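Novice: Task: produce atomic coordinates for the following.
(chains A and B)
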Protein chains: 2
Amino acid sequence: MNYHFTRRMNKIPRSFVREILKVTDDDDMISFAGGLPNPQSFPVEAINNATSKVLSEDGDKVLQYSTTEGYRKLREFIAQRYQRQGMEVEVEDILITNGSQQCLDLVGNVFLDRDDGVIMERPTYLAAIQAFGLYEPEFHSVPLLEDGADTTILEKILEEENIKLFYTVSSFQNPTGITYSESKRQKVAEIMAEHETILVEDNPYGEIRFMGDDIPPIKSHLPDSILFGTFSKIVSPGMRMGWIVAPPEVMDKLITAKQASDLHSNYFTQRVVYQYLQDNNVDKHIQSIKQLYKSQRDQMVHSIRKYFPEGVKHTSPQGGMFLWVTLPEGTSSMELFELAMEENVAFVPGETFYTENPEKNTMRLNFSNSSVEEIEEGMKRLGNAIKRLDNK
Amino acid sequence: MNYHFTRRMNKIPRSFVREILKVTDDDDMISFAGGLPNPQSFPVEAINNATSKVLSEDGDKVLQYSTTEGYRKLREFIAQRYQRQGMEVEVEDILITNGSQQCLDLVGNVFLDRDDGVIMERPTYLAAIQAFGLYEPEFHSVPLLEDGADTTILEKILEEENIKLFYTVSSFQNPTGITYSESKRQKVAEIMAEHETILVEDNPYGEIRFMGDDIPPIKSHLPDSILFGTFSKIVSPGMRMGWIVAPPEVMDKLITAKQASDLHSNYFTQRVVYQYLQDNNVDKHIQSIKQLYKSQRDQMVHSIRKYFPEGVKHTSPQGGMFLWVTLPEGTSSMELFELAMEENVAFVPGETFYTENPEKNTMRLNFSNSSVEEIEEGMKRLGNAIKRLDNK
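Specialist: All right, here's what the predicted structure looks like:
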């Protein structure tokens, strides 16, 4: 049979990152390509206890269909954590989703008609390009400076174009590790408040700050905006539990879209996660993740300085899971990738993180899922590959 | 802020069924409105054991990110069950989803551009209208006869219109309980094979046949078609575990759409369900569900004959969870609903299950989630309400 697929499907490439992950499965390979949390940080036993408790106490309900919005007590718990940060978030403002990836899809569904304008950071989260891409918007991009988006260019695009959404990963961004400063957050909120463009703030890494002071989301200055959160980086990614915070009018539409797309998120897992959060001190758990990731990040920065040749720049993130490297002008990280594979070390070439005109001399390194020994050895190998590329 | 939502969102009503469920939560109310499996049938303890096993044996992996396609062993298990029915289904033909609701969304995403033609049964599954509706297709409908779709009309529509998909719930359909006979299945397959229209066969209830002989899906006669399955009715709906069976070319697109929409389905739960299936005899478990539902279905048919006035027709399903009632011509089940609420009994008025020109004298009754005592009492109340409506 000849299958006739939709226009939108022909526009979406399979994720290059996922394709890379397949070739880097080799035991000898040290890979900084993935974006995986460290499994050492998974609270396996506590999840086991929580599961046993909810099933034995309330099994009939736990395994039954539930509401589209999500388990109310879990939503209350999430709202209270925002309230602790001084934000006005109520339980009704929260919808439980299948990880923050589904937040992207639902927001696209609710807001993006074909050719609608969307501003993305430059570079940006690859899977956001994919999720929004299915709605066939017109992408614009705003460069990232050391303290967040270039607000002069942001304002210019907002003035000149008809923009529906501005998508930002405001803390420890994937792929760069860059975080918006407090003053930049205020500035962005001011600019957005003057326009009919919705801020969509994705915050999977915000709680994994291991240096410097915590900064609340941009939403704390802009209540009309949309914010995503997830348990993927603080409890377990395999459970696919995230959430959207949105104003009532938007929430109503998001619930309709969620209902049509999968009725509701896994209720069994919602109950397990809530029970885990009740019976354990998640802040203490997050503290241990921070310690782990800080040692890995410090090792990576240290080894980069030790092994990489002069002229290679890198970010020094204060949290999250990624670090961004910029090779000298004119070098290609895709060419480097070939040499790196020969040295048994992998990363993601930066060009996959751009919606247009990629900076071909960039690359993303993940530090959360390798031991400090692997990081030391991996940076040494990658340094060799860079030197071989220079000499080519 | 003025939010500007998409065209598609303005076309989708919130589910009337879900709204009804909210008003029928009263303790005195006997409700046949929902579509819930009987929680008595949930294997609570076995799920608890399975969870404990996978977490203690492989916790680091179970809680980590996984592949978009789904857990390979679970997909193998599903493929083998089809092979047992004589179907040629391989592990690569299966994608794990968040219940069959997500199958609908993914298929819509991959095949439906705006105004594409879709044939639905008349009446049809409400949530399928919602899921496909988001892609703004043009709906056509083919009446259901006692043994499945009216193939004369099906052929006529396929000849005259440009149709992308024909959506069918071929066994114990929601809402009518109607099942395609073996000869009707062959006939549908023959007709479809002559057209460039894809058959999308949704089969959530197929394994819950408590009378008559098992009939394999239409896909067994039409390998190019798409088939949905789910663990919702045989293990647990709250876990949101379903799957799509599709040919390789379609599968490739479905995986891309799934990746963009939520990366992958809950891996923790996939592992738990697989472990449950390994350590328990699911066929024996299904046998006990059948016995339970048969007694409930028999009670409902019996009580309808006892309490409903002459001239009320009903289906006598051989499986599944629903029964369809047709009141005399000219009566409105929506008016009946008001009177039924006064009698403390609830159902879903049939008009919500049509894409156009609803038959207003129809209604759906769920028998799986009430005891035989509740069914007896509920049918008595509903009979009273019908008599009151007749006398109005």
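Novice: My guess is A:Gly117 contacts A:Ser141. True?
Specialist: No: applying Cβ atoms under 8 Å as the test, A:Gly117 and A:Ser141 come out as separate, 11.2 Å apart. Yep, even glycine has a C-beta here, placed from its N, CA and C like the rest.
Novice: The residue nearest to A:Gly378 when sequence neighbours are not counted and A:Glu376, how far apart?
Specialist: Ranked by Cβ to Cβ, 6 or more residues apart in numbering or on different chains and with sequence neighbours excluded, the top spatial neighbour of A:Gly378 is A:Ile30, at 3.9 Å. According to Cβ to Cβ, to the nearest Å, A:Ile30 stands 10 Å off from A:Glu376.
Novice: The two: who's more crowded?
Specialist: Neighbour totals were compared for A:Ile30 and A:Glu376, and A:Ile30 leads with 25 against 17 (other Cβ atoms under 10 Å in any protein chain shown).
Novice: For the more buried one, give me its contacts.
Specialist: Each residue near A:Ile30 by Cβ atoms under 8 Å, 6 or more residues apart in numbering or on different chains is listed here: A:344-346, A:370, A:374, A:377-378, A:381.
Novice: Turn these into a markdown table, columns for pLDDT and secondary structure.
Specialist: As requested, these are exported to a markdown table (pLDDT from 0 to 100; DSSP: H, G, I helix; E, B strand; the rest coil):
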| residue | pLDDT | secondary structure |
| --- | --- | --- |
| A:Asn344 | 95 | coil |
| A:Val345 | 96 | strand |
| A:Ala346 | 94 | strand |
| A:Ser370 | 96 | coil |
| A:Glu374 | 97 | helix |
| A:Glu377 | 98 | helix |
| A:Gly378 | 98 | helix |
| A:Arg381 | 98 | helix |
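Novice: between those, which is closest to chain B?
Specialist: Nearest to chain B among the contacts of A:Ile30: A:Ser370, at 14.4 Å, using Cβ to the nearest Cβ.
Novice: Which strands and helices lie in contact with whichever strand or helix holds A:His140?
Specialist: According to DSSP states H and E, A:His140 maps onto strand A:138-145. Secondary-structure packing of strand A:138-145 (3 or more Cβ pairs under 8 Å, 6 or more residues apart in numbering or on different chains; DSSP states H and E): strand A:117-122, helix A:151-160.
Novice: winner for burial among those?
Specialist: strand A:117-122 (a mean of 24; mean count of other Cβ atoms under 10 Å in any protein chain shown).
Novice: Could you list the low-confidence segments of chain A?
Specialist: A:13-25 (pLDDT under 70).
Novice: Longest helix in it, by number of residues?
Specialist: helix A:282-307 (DSSP state H).
Novice: Using neighbour counts, pick out the buried residues of that helix.
Specialist: A:282, A:285-286, A:289-290, A:292-294, A:296-301, A:303-304, A:307 (16 or more other Cβ atoms under 10 Å in any protein chain shown).
Novice: what about A:Pro96, which SS state?
Specialist: Quick fix: residue A:96 reads Ile, not Pro. Recorded secondary structure, A:Ile96: strand (DSSP: H, G, I helix; E, B strand; the rest coil).
Novice: can you give me the strands in the stretch 51-200 of chain A?
Specialist: For the stretch 51-200 of chain A, strands defined by DSSP state E, counting those that start in this stretch occupy the ranges A:94-97, A:117-122, A:138-145, A:148-149, A:163-169, A:198-202.
Novice: The fourth one packs against which elements?
Specialist: Packed against strand A:148-149 by the contact rule (3+ Cβ pairs under 8 Å, 6+ apart) you find helix A:182-193.
Novice: and the helix it packs on, does that touch chain B?
Specialist: No: Helix A:182-193 stays clear of chain B (Cβ under 8 Å from any Cβ of the partner chain), getting no nearer than 8.8 Å.
Novice: Need the contact partners of that helix.
Specialist: Contacts for helix A:182-193 (Cβ under 8 Å, 6+ apart): A:147-149, A:151, A:154-155, A:158, A:166, A:168, A:170, A:180, A:199, A:215, A:217-218, A:220-222, A:224-225.
Novice: Buried among those residues? Make that a ChimeraX selection.
Specialist: To isolate the buried ones among those in ChimeraX, judged by 16+ other Cβ under 10 Å, type:
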select /A:147,148,149,151,154,155,158,166,168,170,180,199,215,217,218,220,221,222,224,225
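Novice: Around chain B, which positions in the stretch 101-250 of chain A sit nearby?
Specialist: Residues of the stretch 101-250 of chain A lying near chain B (Cβ under 8 Å from any Cβ): A:101-102, A:105, A:109-113, A:127, A:130-131, A:133-134, A:164, A:196, A:198, A:224, A:232, A:235-240, A:247, A:249-250.
Novice: What's the PyMOL syntax to select whichever of these are buried?
Specialist: Per 16+ other Cβ under 10 Å, the buried members of those correspond to this PyMOL selection:
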select buried, chain A and resi 101+102+105+109+110+111+112+127+130+131+133+134+164+198+224+232+235+236+237+238+239+240+250
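Novice: To what extent is the nearest residue to A:Lys219 once chain neighbours are set aside buried, counted in neighbours?
Specialist: Closest residue in space to A:Lys219, ignoring its immediate chain neighbours: A:Leu227 at 4.5 Å, by Cβ to Cβ, 6+ apart. A count of nearby residues for A:Leu227, using other Cβ under 10 Å, gives 26.
Novice: which SS class is A:Leu227?
Specialist: strand.
Novice: Confirm A:Phe268 sits in a helix?
Specialist: Yes: assessed by three-state DSSP, A:Phe268 belongs to a helix.
Novice: hang on, it packs against B:Ser236?
Specialist: Yes: the pair A:Phe268 and B:Ser236 passes the contact test of Cβ under 8 Å, sitting 6.8 Å apart.
Novice: what residues are shared contacts of those two?
Specialist: Common contacts of A:Phe268 and B:Ser236 (Cβ under 8 Å, 6+ apart): A:Leu63.
Novice: who are the neighbours in contact with the residue nearest to A:Lys219?
Specialist: A:Leu227 touches A:201, A:203, A:217, A:219, A:244-246, counting by Cβ under 8 Å, 6+ apart.
Novice: quick one on the thing from earlier: could you list which of the buried residues of helix A:282-307 also contact chain B?
Specialist: Counting by Cβ under 8 Å from any Cβ, no member of the buried residues of helix A:282-307 reaches chain B.
Novice: Could you pull out the strands in the stretch 201-350 of chain A for me?
Specialist: Under DSSP E, counting those that start in this stretch, the stretch 201-350 of chain A gives strands at A:226-230, A:242-245, A:313-314, A:322-326, A:345-346, A:348-349.
Novice: Direction included, what does the first one pair against?
Specialist: This means strand A:226-230. strand A:198-202 (parallel), strand A:242-245 (antiparallel) (DSSP bridges).
Novice: Of all these, which one is nearest B:Phe42?
Specialist: With Cβ to Cβ as the criterion, B:Phe42 lies closest to strand A:242-245 of the strands paired with strand A:226-230, at 26.0 Å.
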